[in-house]
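> with the sequence up front, the predicted model follows.
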Amino acid sequence: MTSSDFPNFKTHFIGLLQQASNAVTSLEAAVSDIELTRTKQASHGDYSCNLAMQLAKPLHKSPREIAQLLVNALPPSTYLEKVEVAGAGFINLFLKNSAKQQFLHYILHSKNTFGNGTLGQGKRIQVEFVSANPTGPLHVGHGRGAAIGASLSNILAAAGFDVSREFYVNDAGRQMDILTLSTWLRYLELNHIHIPFPQNAYQGEYVKTMAQQIFQAHAQRYVHQPELLLDSLPEAVLATEMNTDEQLDKLIANTKKILGQDYAYIHNFVLTEQLGDCRNDLMEFGVEFDTWFSEQSLFDNGLVAHAIELLAKKQHLYQQDGATWFRSTNFGDEKDRVVQRENGQFTYFASDIAYHLNKFERGFDQVINIWGADHHGYIPRVKGALQALDLDAEKLQIALVQFAVLYRNGKKAPMSTRSGEFVTLRELRQEVGKDAARFFYVMRKSDQHLDFDMDLAKSQSNENPVYYVQYAHARVCSVLVQWDGNVDDLQDVNTEALSSPAELALLQKLIDFPDTLEMAAKEFSPHLIAFYLRELASEFHSYYNSTRFLVPEIPLQHARLALIASIRQTLSNGLLLLDVSAPDKM
RNA sequence: GUGCCCGUAGCUCAAUCGGAUAGAGCACCAGCCUUCUAAGCUGGGGGUUACAGGUUCGAUCCCUGUCGGGCACGCCA
């Protein structure tokens, strides 16, 4: 038997049920998408089908009666032990033990490709995630998007998609100007020039670090005329504190005027610095991108103006109060949106339209944005813009990740980048470790709120579920080392001896892996992989405690070793999807 | 005020997009190491799925309402 000729049981049985359905009912009454689910109880067989219940109404017969007709019409299968009608009209399928036992050959031949599927059919899919403003270190909230995006990308790749990972760099906006100003003010302080530091500028220590770097490299090179900085700001303000947006904007404008060409240097320095830090941080978290896409480049290449012109040409824009508006209400948005301000500047939305147009022009079959839940109100206008440009908005799918609320010392911790009071992703990694953090993040469904208790995460780092899974992997490795044989020799051994309930349950669990992976890809749900791994590890640990593997009877020993080697392979493949290591020893 | 998300065991979360007796972990109680790793295993108590109706063979899931929590509602990014 080779790895490629093993059928997907689920697909195989759905095909048989489809044939039975065609024999029993007419085309118009037929159910288009036959569902086959795994059973929760062994007495219900391995797979269950509710087709008969769905056909009860159109056929005007009782579900059990239809179920029996379907069973009678079911073509024979070499993998089926028996088929039963049960309960309200379920059709329960029982897999032959031999089919389960032989599945191990498939796993051991497939090795690290076991679980991979063809759902994606090589379609090009882009996943954009994190895309945090490069104005400070990533915090634990960004970590969640990073972990989910990276794991989902891996899952989609395993499911047969051609995945491109992208980080959208917001390097063109006001936030970058505020960071530039903040750094310059700190730099001036190092030159003993003290100007009140605005409350709403970036307070973090990392700003001082960057100022220090500039100071060390260039001394007083960028001091210029700081006395002009406070021009047109009322004296009264200076006496107290600066904390309004208008004051901040005035400071930025003055800074640009004073520094002239040198403004670009500082701006570029802080951007490069923060982006480098971000890239490094993510890399250490196991998250890498194929493309870092610059927002500024959209302006530099005229793509923003081009996108807006295109909308104008298609009659979706109008002028009001001196600004240019996009009629997004025509596409389900609750109000129209400004794309170009009265002062001629394009809005963030305008560059986002250009960005999404560009994504589509790059020819992706599907585009996924992983956004924080606070952006949900933004979806209708972006999809609306795509529709207005006569693009297929269905190709864009937005996966919302709910907020992570951080608790520290039993209290809600602030997470504002501006104030500088936040727990960074780097701190989290150092305190609980990369593996534990990555696993912890995907242990929850992404559209569920996440309570992140730092104290718990730290104190329980030894009880984190990730160690439970890794421990199962290490245990198998340990047994195989003591067996002292070649694992490849187990690929085709006779596995008929695996007949205990625990062994058959484990076999079925392994068979579930490809289906679980496909489901995770379809539903954008990495948490399914994490839960699957924990369940598989649980069944293994239980089996480990009840059964000896290195028994004298060689056929039995080899069969059991083939089973645990397959478990190890599956754990390893699953952990790899989450970028969690699979250690040989613990 | 309007819109979106959510409410499941003491706590943190699942439940294969409407299926059979709603499941795990933590915590609590009682056991298991001279045998392949005890970061493990076995057993136990824990629930009116926020509440009230509705839809149907069948509802944690779909619809309506109430209560409670989060988020978003800018010519900010």
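That came in fine, so what should we check first?

> what about the stretch 401-550 of chain A, any weak spots by pLDDT?
Along the stretch 401-550 of chain A, segments meeting pLDDT under 70 span A:409-411, A:414-421, A:457-460.

> and for the stretch 51-200 of chain A?
For the stretch 51-200 of chain A (pLDDT under 70), the answer is none.

> nearest spatial neighbour of the residue in the stretch 201-350 of chain A positioned nearest to RNA strand B, skipping sequence neighbours?
Using Cβ to the nearest atom of the strand, residue A:321 is the residue of the stretch 201-350 of chain A that sits closest to RNA strand B, at 2.8 Å. In short, each C-beta sits where N, CA and C put it, glycine included. Nearest non-adjacent residue to residue A:321, counting by Cβ to Cβ, 6 or more residues apart in numbering: residue A:342, 6.8 Å away.

> which residues touch the one you found?
Residues near residue A:342 by Cβ atoms under 8 Å, 6 or more residues apart in numbering: A:321-323.

> now intersect those with the strands, please.
residue A:323 (DSSP state E).

> of the contacts of residue A:342, which is the most crowded?
Among those, residue A:323 has the most neighbours (other Cβ atoms under 10 Å), with 16 neighbours.

> which SS class is residue A:78?
Judged by DSSP: H, G, I helix; E, B strand; the rest coil, the three-state class of residue A:78 is coil.

> neighbours around it, how many?
A total of 9 residues lie near residue A:78 under the criterion other Cβ under 10 Å.

> so it versus residue A:42, what's the distance?
To residue A:42, residue A:78 is 22 Å away according to Cβ to Cβ, to the nearest Å.

> swap in residue A:104?
20 Å.

> same check on residue A:347?
For residue A:347 relative to residue A:42 (Cβ to Cβ), the value is 59 Å.

> repeat for residue A:290
Residue A:290 sits 45 Å away from residue A:42, going by Cβ to Cβ.

> re the thing from before, now distance to residue A:557 too, for the contacts of residue A:342, in a markdown table please.
Shown next, in a markdown table, are the contacts of residue A:342 (distance: Cβ to Cβ, whole Å):
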| residue | distance to residue A:557 |
| --- | --- |
| A:321 | 82 |
| A:322 | 83 |
| A:323 | 78 |
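
> want to throw the contacts of residue A:342 into a markdown table with pLDDT?
Formatted as a markdown table, the contacts of residue A:342 follow (pLDDT from 0 to 100):
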| residue | pLDDT |
| --- | --- |
| A:321 | 92 |
| A:322 | 93 |
| A:323 | 95 |
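
> picking up where we left off before, a strand runs through the residue nearest to residue A:321, doesn't it?
No. Residue A:342 sits outside any strand when classified using three-state DSSP, being coil.

> residue A:104 and residue A:42: who's more crowded?
Taking neighbours as other Cβ under 10 Å, residue A:104 and residue A:42 compare with residue A:104 leading, 25 against 12.

> how about the host helix or strand of residue A:163, does it get close to RNA strand B?
Using DSSP states H and E, residue A:163 falls within strand A:162-169. No. If you take Cβ under 7 Å from any atom of the strand as the test, strand A:162-169 misses RNA strand B, and the best it gets is 10.6 Å.

> by contact count, what packs against that strand?
If contacts are counted by 3 or more Cβ pairs under 8 Å, 6 or more residues apart in numbering; DSSP states H and E, strand A:162-169 sits against strand A:124-128, helix A:140-158, strand A:291-294, helix A:295-300.

> in that strand, what counts as buried?
A:163-169 (16 or more other Cβ atoms under 10 Å).

> direction included, what does it pair against?
strand A:124-128 (parallel), strand A:291-294 (parallel) (DSSP bridges).

> give me the buried positions along the shortest one.
So that's strand A:291-294. Result for strand A:291-294 [16+ other Cβ under 10 Å]: buried residues A:293-294.

> now do stretch A:104-116
Quick answer for stretch A:104-116 (16+ other Cβ under 10 Å): A:104-110, A:114-116.

> among those, which ones are in helices?
Using DSSP state H, the subset of the buried residues of stretch A:104-116 located in helices is A:104-110.

> tabulate those (CSV), appending distance to RNA strand B.
Shown next, in CSV, are those (distance: Cβ to the nearest atom of the strand, whole Å):
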residue, distance to RNA strand B
A:104, 18
A:105, 22
A:106, 20
A:107, 19
A:108, 19
A:109, 24
A:110, 21
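
> and the two most separated of the residues you listed?
The largest separation in these, counting by Cβ to Cβ, is between A:104 and A:110 at 10.6 Å.

> the residue in chain A positioned nearest to RNA strand B: how many residues sit nearby?
The nearest approach of chain A to RNA strand B comes at residue A:173, 1.4 Å away (Cβ to the nearest atom of the strand). Using other Cβ under 10 Å, residue A:173 has 14 other residues around it.

> what do you get for residue A:296?
Residue A:296, neighbours per other Cβ under 10 Å, totals 15.

> who's residue A:451 bridged to?
Residue A:451 forms beta bridges with residue A:405, as assigned by DSSP bridges.

> am I right that it is in contact with residue A:402?
No. Counting by Cβ atoms under 8 Å, residue A:451 sits too far from residue A:402 to count as a contact (10.7 Å).

> who has more neighbours, the two?
Neighbour count, other Cβ under 10 Å: between residue A:451 and residue A:402, residue A:402 has more, with 17 against 12.

> list phi and psi for that one.
phi -70, psi 160 (degrees, to the nearest 10).

> so it sits against residue A:447, correct?
Yes. Taking Cβ under 8 Å as the definition, residue A:402 is a contact partner of residue A:447 at 5.7 Å.

> residue A:151: which of the buried residues of stretch A:104-116 is nearest?
Set against residue A:151, the nearest of these by Cβ to Cβ is residue A:115 (13.9 Å).

> what residues are up against the closest one?
A:158, A:513-514, A:517, A:570, A:573-574.

> hmm, which two among the residues you listed are most spread apart?
Farthest pair in the contacts of residue A:115 (Cβ to Cβ) is A:158 and A:570. Separation: 12.6 Å.

> more neighbours: those two, which one.
Set side by side, residue A:158 and residue A:570 show more neighbours around residue A:158, with 26 against 23, by other Cβ under 10 Å.

> how about the residues of the stretch 201-350 of chain A by RNA strand B?
A:245, A:320-323, A:334-335, A:337-338, A:341-343, A:345, A:347-349.

> how about a cut-off of 6 Å?
With Cβ under 6 Å from any atom of the strand as the criterion, the stretch 201-350 of chain A meets RNA strand B at residues A:321-323, A:338, A:341-342, A:347-348.

> residue A:274 is in what secondary structure piece?
Secondary structure assignment for residue A:274, by DSSP H and E: helix A:261-284.

> quick one: contacts of that helix?
For helix A:261-284, contacts defined as Cβ under 8 Å, 6+ apart pick out A:130, A:132, A:134-138, A:146, A:169, A:171, A:176-177, A:179-180, A:183-184, A:187, A:206, A:210, A:213-214, A:222, A:224, A:255-256, A:259, A:288-289, A:292, A:425-426, A:429, A:434.

> residues of it that come out buried?
The neighbour-count check on helix A:261-284 (16+ other Cβ under 10 Å) flags A:262-263, A:266-267, A:269-271, A:273-275, A:277-279, A:281-282 as buried.

> do the same with stretch A:454-467
For stretch A:454-467, using 16+ other Cβ under 10 Å, the buried residues are A:454, A:457, A:461, A:464-467.

> next one: stretch A:520-538
By neighbour count with 16+ other Cβ under 10 Å, stretch A:520-538 contains the buried residues A:520-521, A:524-534, A:536-537.
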